[in-house]
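J.: next come a sequence and a model predicted from it.
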Amino acid sequence: DQQVKQNSPSLSVQEGRISILNCDYTNSMFDYFLWYKKYPAEGPTFLISISSIKDKNEDGRFTVFLNKSAKHLSLHIVPSQPGDSAVYFCAAIVNAGNMLTFGGGTRLMVKP
Amino acid sequence: DTGVSQNPRHKITKRGQNVTFRCDPISEHNRLYWYRQTLGQGPEFLTYFQNEAQLEKSRLLSDRFSAERPKGSFSTLEIQRTEQGDSAMYLCASSLVGTGANVLTFGAGSRLTVL
């Protein structure tokens, strides 16, 4: 049972435009959500997070939106840069400090 | 601090052999996690420790998998009698209980290839 799903395996965007990566979850007990970015031959690195008590969190070019009623979150990158090209994983957690459940990832390609 | 360190980075072994991976977490972190990632999938949780105590191990894939963290510092993940299906990237991560508990810092991983 895949509790966190990223239905788009890949996304291609022109440099300077907005990238929108989507994530859906099924477990209503999740109370914290994170996005990780992964470059080849490196481990995932933390990007941005959001608590279930909020619906938006912004950090520079990155904004995460949470729609609890739809069990959906999205990551917006504006403006997109070629260096943003990576695999992006959505993750969720029930109760602080326990295991993260990851989605399958979306490969973002930002074209110059 | 150099972050989370994993060794070896790549291990090639024959089916039936035992392999061991080592993880050195960030020194002030007291939680340590092991994940497995197969091609095209996200990381899959295996087990985690708080200090030297293994708090969750029901997600280990079979009894061929075991993990230790003997002194609450580094950890090892052992796979006995390897099978071709064990071929994957094994990721270690650490975190600090408290305000940073939800944010895991990952190592670069140890890639296992079973021939």
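T.: Received it, and whenever you're ready, just let me know what you need.
J.: which parts of chain A sit against chain B?
T.: A:4, A:6, A:9, A:32, A:34, A:36, A:41-46, A:49, A:89, A:91, A:93, A:96-105 (Cβ under 8 Å from any Cβ of the partner chain). In short, each C-beta sits where N, CA and C put it, glycine included.
J.: make it 10 Å
T.: Contact residues (Cβ under 10 Å from any Cβ of the partner chain) of chain A with chain B: A:2, A:4-6, A:9, A:31-34, A:36, A:38-39, A:41-46, A:49, A:51, A:87, A:89-91, A:93, A:95-105, A:107.
J.: mind checking which of these are in strands?
T.: The strands, defined by DSSP state E, take in A:4-5, A:32-34, A:36, A:38, A:45-46, A:49, A:51, A:87, A:89-91, A:93, A:100-102, A:107 from the residues of chain A next to chain B.
J.: type out the ChimeraX command that picks the buried ones from those.
T.: Typed into ChimeraX, the line below selects the buried ones among those, using 16 or more other Cβ atoms under 10 Å in any protein chain shown:
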select /A:4,32,33,34,36,38,46,49,87,89,90,91,93,100,101,102,107
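J.: where does chain B dip in pLDDT?
T.: B:1, B:99-101 (pLDDT under 70).
J.: residue closest to the middle of it?
T.: Of all residues in chain B, the one closest to the mean position by Cα atoms, centre = their mean is B:W34, 3.2 Å from it.
J.: how far away is that one from B:T82?
T.: Applying Cβ to Cβ, to the nearest Å, the value for B:W34 to B:T82 is 16 Å.
J.: could you list everything B:I79 pairs with in the sheet?
T.: On the basis of DSSP bridges, B:I79 is bridged to B:V19, B:F65.
J.: do the same with B:L91
T.: Under DSSP bridges, the beta-bridge partners of B:L91 are B:Y35.
J.: wait, what's in contact with B:T113?
T.: By Cβ atoms under 10 Å, 6 or more residues apart in numbering or on different chains, the contact set of B:T113 is B:H10, B:K11, B:I12, B:T13, B:T82, B:Q84, B:D86, B:S87, B:A88.
J.: ok, now which ones touch the closest residue in space to the first one that isn't next to it in sequence?
T.: Residue nearest to B:H10 in three dimensions, not counting chain neighbours: B:R111, with 4.7 Å by Cβ to Cβ, 6 or more residues apart in numbering or on different chains. The neighbourhood of B:R111, defined by Cβ under 10 Å, 6+ apart, consists of A:41, B:6, B:8-12, B:21, B:37, B:87-90.
J.: specify the beta-bridge partners of A:N22.
T.: Note on A:N22: beta-bridge partners by DSSP bridges are A:S74.
J.: what is the burial count for residue 55?
T.: All of this refers to chain A. 13 (other Cβ atoms under 10 Å in any protein chain shown).
J.: let me rephrase: I mean chain B.
T.: Neighbour count of B:L55, defined by other Cβ under 10 Å: 13.
J.: from B:C92, how far out is it?
T.: Separation of B:L55 from B:C92 (Cβ to Cβ) stands at 16 Å.
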